[in-house]
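Peer 1: I need the structure of the sequence given here:
(2 chains)
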Amino acid sequence: MSLRTSSVAPKHKDDKWGLLYVSPFFVIFGIFGLLPILFTVYVSFFHWDPLAGHNYIGFENFRHLFTDPYFYRAVRNTFSIFLISFLPQTILALLLANFLANPNLKGKVFWRTVLLVPWVTSILSVAIIFSELFGQNYGMVNVAMRYLGLSHIGIHNINWVGQTLPSHIAIASMIIYRNLGYTSLIYLASMLAIPRDLYESASLDGASKLQQFRYVTIPQLKNTLTFMLIVGTIGGLQTFLEPLTYGGVQGGDSRQFSTLALYLYEQIIINNKLGYAAAIGVAITILTVIISGVNFLVTRRISGSDS
Amino acid sequence: MARAKLGKYWVAAIALFAVLGGVVSPSSQAAAPITISIWTYGNVIDPVLVTQYQKLHPGITIVAKKSDLDGNAQALRYALPSSAVPDIAAIEISYMGEFRNYTQYLTDLSTLTPSATTLKSSYLPWRWNDMVADSGQVLGIPTDVGGLAVAYRVDLFKKAGLPTAPAAVSALWPTWDKYIATGQKYVAKEKGKAFIDIAQTIYTAVVNQGAQKYYDNSGNLVYANNPNIQAAFNYTAAASRANLGTNVAQYSPDWNVGLNKGLYATVLAPAWMLEYIKQYAPKTSGLWNVATLPGNAGNQGGSALTIPTHAAHPQEAWDFIRWYTDAAQQKFEFVHNLTFPTVTALYTDPAVGGLKDPFFNNAPIGKIYSASVNAVQPFELGKKDRLIDSTIGQALSRVQLGKQLPQAAWAQALSDINRAIN
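Peer 2: From the prediction side, this is the model:
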């Protein structure tokens, strides 16, 4: 940067150029981000069929939404799948990252690459393969359980699609499989940034590896954990392709794994109700904002009390 | 910084497109070659036949975009009112009741030259009429029809002490009651095996044997009081409650394994399903045979080709459709893909009506499927056929899994349909 104080060019001329440089982002965001959001809100006030046309119905879609038991079931499923996937995923990722952060580990690059392989697989292929694993009669999971002798304690031939909790576990396992490596690497990156002298002084004080993990690593990762929680919640609210591939657009015969995004899609593709789908979209947005806000407040309070 | 850089690339990319557009568009207008675009799904458009057509008509290129059945219909809903339409759109029978209400978006093929009305006499009458709008416009030409018969495992029937010859097997079940009774005998004897792959497939089979489905001829919803729908539901529920079928979903990997392992003694099979069995259970060759459906008449599925009103090349599209749905090509498709023809003259053609398949113990499949589609009574298609089909399908699945008793499942299906439609 050259500071030419002698220049007579007024300051706001530079501003103009700056605006021009950043404008592509705003233009593109406006067209592909903001406009669709505003249009979705607009559509949610209509009864809208792409072929038959549309007519204004005010808040009718939202009134319907609040009394729609299947909407609430989709909310329940979305959060249940999120919790079943997010908690184990976080624990596993922390353990894996801790293992990889070990300075004496051989073949670091190899392990990191291997971890990332599921992340580059498409969700679709993951979902197809997992549907195969969770088949009722010939799926590998049920066969493995048979060999492990779980049938003696009453667990046998689980219908992983038909029942609520098993279907949530199956879908959560797809999400964990795909996200685990990526999540671990993010934790690993922040673990490597923790100053080594913290560990040295901890071990001088006689802290075990476990205590070091608990009292040095975890507190130092607080910001990363917060970030992953917010990103994870937003991702969890959008769970879509896994349940769709797993058991169809209605999310099972009792909607046992119909998520919010899937319910929205069903309104479009089967029920042909774009206005209602838009109303669900607005509801998802509001939910996301509320939950992110709560996350933000909670974590700010925690970090505030710490410092 | 990264964002500013990205912005530069955007500007460059947009400029590049502008330049390319300027260079390309005049040249494509000047040249004679025409590209016919087709939106399709499944096996409706056979790539071998497409190559053949392009060879016969140099200067015509055919580009087929394949999606799944529901995705294809959804894309069409949005595209039809706009100008971004394909020249040809394939529409499945369960969506035709919806699309044929929009005659403003689909070309009346009888106004083209030669008029579609000159072709009418060649096609299966009820299948042709499915493609005609209430106000008389001919909106599509049917490429195939499902038909329906019972594919059964000769070896499993023998083991269970049942007759194995097709005529004797067909005689076991002149009615659905008899079919279910046979199934009960079978599962009582063969523990852990299924008589039918999926009991819920009985529903569609019985529904399509009626003279009325979900709508009456004036377009009113009558499914709730239609005795045939009720009968279809009850037969299916009875088969489920008697444990004749398995809990898996059709076409799922688990279902495929069952097909290979001989878990199912019978499968209700449209003609194209036979091809599926051949492809996914090749080792079971020679173990199958085909008997007639209880009640004989049967259909499941079928597709047609239409031309959107805003198509860029309607005449060329029409030339292709006429060629593609002509007897010679339909014959080729039946012999190669087992999609059953809609041209009735083929039913007596030795290559079609006389077709026997060694995979199915030389069952006279041509004859069986001809008889089944000829016996179908025409019924009115409706706007929400697909939605009602899938909602009742969910209810039947709940009965199959023992989550609900039939009556409760039916009641919930009615209220679900009400909620979804209104």
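
Peer 1: Distance-wise, check B:Thr266 relative to B:Glu190.
Peer 2: To B:Glu190, B:Thr266 is 12 Å away according to Cβ to Cβ, to the nearest Å. Backbone N, C-alpha and C define where each C-beta goes, glycine included.

Peer 1: between the two, which one's more packed in?
Peer 2: Taking neighbours as other Cβ atoms under 10 Å in any protein chain shown, B:Thr266 and B:Glu190 compare with B:Thr266 leading, 26 against 15.

Peer 1: isn't the more buried one right next to B:Ala151, touching?
Peer 2: Yes. The criterion here is Cβ atoms under 8 Å, and B:Thr266 meets it with B:Ala151 at 6.9 Å.

Peer 1: Check the spacing between A:Gln256 and B:Leu396 real quick.
Peer 2: Distance of A:Gln256 to B:Leu396, computed by Cβ to Cβ: 16 Å.

Peer 1: Could you list which residues are in contact with residue 187?
Peer 2: Using chain A here. A:93-94, A:96-97, A:221, A:224, A:228 (Cβ atoms under 8 Å, 6 or more residues apart in numbering or on different chains).

Peer 1: meant chain B actually
Peer 2: B:Val187 makes contacts with B:193-195, B:242-244, as judged by Cβ under 8 Å, 6+ apart.

Peer 1: between the residues you listed, which is closest to B:Pro406?
Peer 2: Taking Cβ to Cβ as the measure, B:Pro406 lies nearest B:Ala242 of the contacts of B:Val187, at 12.1 Å.

Peer 1: Which of the helices or strands spans the closest residue to that closest one other than its chain neighbours?
Peer 2: Distance criterion Cβ to Cβ, 6 or more residues apart in numbering or on different chains; nearest residue to B:Ala242, sequence neighbours excluded, is B:Gln184 at 5.2 Å. Secondary structure assignment for B:Gln184, by DSSP states H and E: helix B:176-189.

Peer 1: And that helix, what's buried?
Peer 2: Across helix B:176-189, burial judged by 16 or more other Cβ atoms under 10 Å in any protein chain shown covers B:176, B:179-180, B:182-184, B:186-187.

Peer 1: May I ask which helix or strand encompasses B:Pro142?
Peer 2: According to DSSP H and E, B:Pro142 maps onto strand B:140-145.

Peer 1: contacting residues for the residue nearest to B:Ala242?
Peer 2: B:Gln184 makes contact with B:195, B:242, B:244 under the criterion Cβ under 8 Å, 6+ apart.

Peer 1: Export those residues as CSV, with columns for neighbour count, secondary structure and pLDDT.
Peer 2: Shown next, in CSV, are those (neighbours: other Cβ atoms under 10 Å in any protein chain shown; DSSP: H, G, I helix; E, B strand; the rest coil; pLDDT from 0 to 100):
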residue, neighbour count, secondary structure, pLDDT
B:Phe195, 26, strand, 97
B:Ala242, 16, coil, 96
B:Leu244, 27, coil, 97
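
Peer 1: Need the pLDDT of residue 119.
Peer 2: Here I'm looking at chain A. Listed pLDDT for A:Trp119 reads 91.

Peer 1: my question was about chain B
Peer 2: At B:Leu119, pLDDT is 96.

Peer 1: show me the contacts for it.
Peer 2: By Cβ under 8 Å, 6+ apart, the neighbours of B:Leu119 are B:141, B:322.

Peer 1: Counting neighbours, what do you get for A:Ile155?
Peer 2: 13.

Peer 1: Helix or strand: which one has it?
Peer 2: Going by DSSP H and E, A:Ile155 is not part of any helix or strand.

Peer 1: Please enumerate the helices of the stretch 101-250 of chain B.
Peer 2: Along the stretch 101-250 of chain B, counting by DSSP state H, counting those that start in this stretch, helices occupy B:125-129, B:154-159, B:166-172, B:176-189, B:201-207, B:227-241.

Peer 1: and of these, who's closest to A:Ile84?
Peer 2: The closest approach between A:Ile84 and any of the helices of the stretch 101-250 of chain B, judged by Cβ to Cβ, belongs to helix B:227-241 at 29.8 Å.

Peer 1: Show me the contact partners of whichever helix or strand comes after the closest one.
Peer 2: As assigned by DSSP H and E, the chain's next helix or strand after helix B:227-241 is helix B:253-261. With Cβ under 8 Å, 6+ apart as the test, helix B:253-261 has contacts from A:128, A:131-132, A:135-139, B:194, B:197-198, B:246, B:248-249, B:263-264, B:267, B:277, B:280-281, B:283-284.

Peer 1: in chain A, which ranges drop under the pLDDT threshold?
Peer 2: Across chain A, residues meeting the criterion (pLDDT under 70) sit at A:1-14, A:302-307.

Peer 1: Give me the residue at the spatial middle of it.
Peer 2: With distances taken as Cα atoms, centre = their mean, A:Gly235 lies nearest the centre of chain A, 2.3 Å away.

Peer 1: helix or strand for that residue, which one?
Peer 2: Going by DSSP H and E, A:Gly235 is part of helix A:222-237.

Peer 1: For the closest residue to B:Val63 other than its chain neighbours, the count of nearby residues, please.
Peer 2: Excluding the flanking residues, the one nearest B:Val63 by Cβ to Cβ, 6+ apart is B:Ser37, at 5.1 Å. Per other Cβ under 10 Å, the neighbour tally for B:Ser37 reads 18.

Peer 1: check contacts around A:Met174.
Peer 2: Applying Cβ under 8 Å, 6+ apart to A:Met174 gives the contacts A:123, A:126-127, A:130, A:242, A:246.

Peer 1: Look up the closest residue to A:Tyr177, ignoring the ones flanking it.
Peer 2: A:Pro118 (5.5 Å).

Peer 1: So that neighbour lies in a strand, does it not?
Peer 2: No. Using DSSP: H, G, I helix; E, B strand; the rest coil, the secondary structure at A:Pro118 is helix, not a strand.

Peer 1: For chain A, which residues are neighbours of chain B?
Peer 2: Within reach of chain B by Cβ under 8 Å from any Cβ of the partner chain, chain A has these residues: A:21-25, A:28, A:50-52, A:68, A:70, A:128, A:131-132, A:135-139, A:159, A:161-162, A:247-250, A:253-254, A:268-272.

Peer 1: Out of the residues you listed, list just those in helices.
Peer 2: Members of the residues of chain A next to chain B lying in helices (criterion: DSSP state H): A:21-25, A:28, A:70, A:128, A:131-132, A:247, A:268-269.

Peer 1: Neighbour count added to those residues, as JSON lines?
Peer 2: What follows is these, written out as JSON lines (neighbours: other Cβ atoms under 10 Å in any protein chain shown):
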{"residue": "A:Tyr21", "neighbour count": "15"}
{"residue": "A:Val22", "neighbour count": "13"}
{"residue": "A:Ser23", "neighbour count": "13"}
{"residue": "A:Pro24", "neighbour count": "18"}
{"residue": "A:Phe25", "neighbour count": "15"}
{"residue": "A:Ile28", "neighbour count": "13"}
{"residue": "A:Tyr70", "neighbour count": "17"}
{"residue": "A:Ile128", "neighbour count": "14"}
{"residue": "A:Ser131", "neighbour count": "23"}
{"residue": "A:Glu132", "neighbour count": "17"}
{"residue": "A:Gly247", "neighbour count": "25"}
{"residue": "A:Ile268", "neighbour count": "19"}
{"residue": "A:Ile269", "neighbour count": "17"}
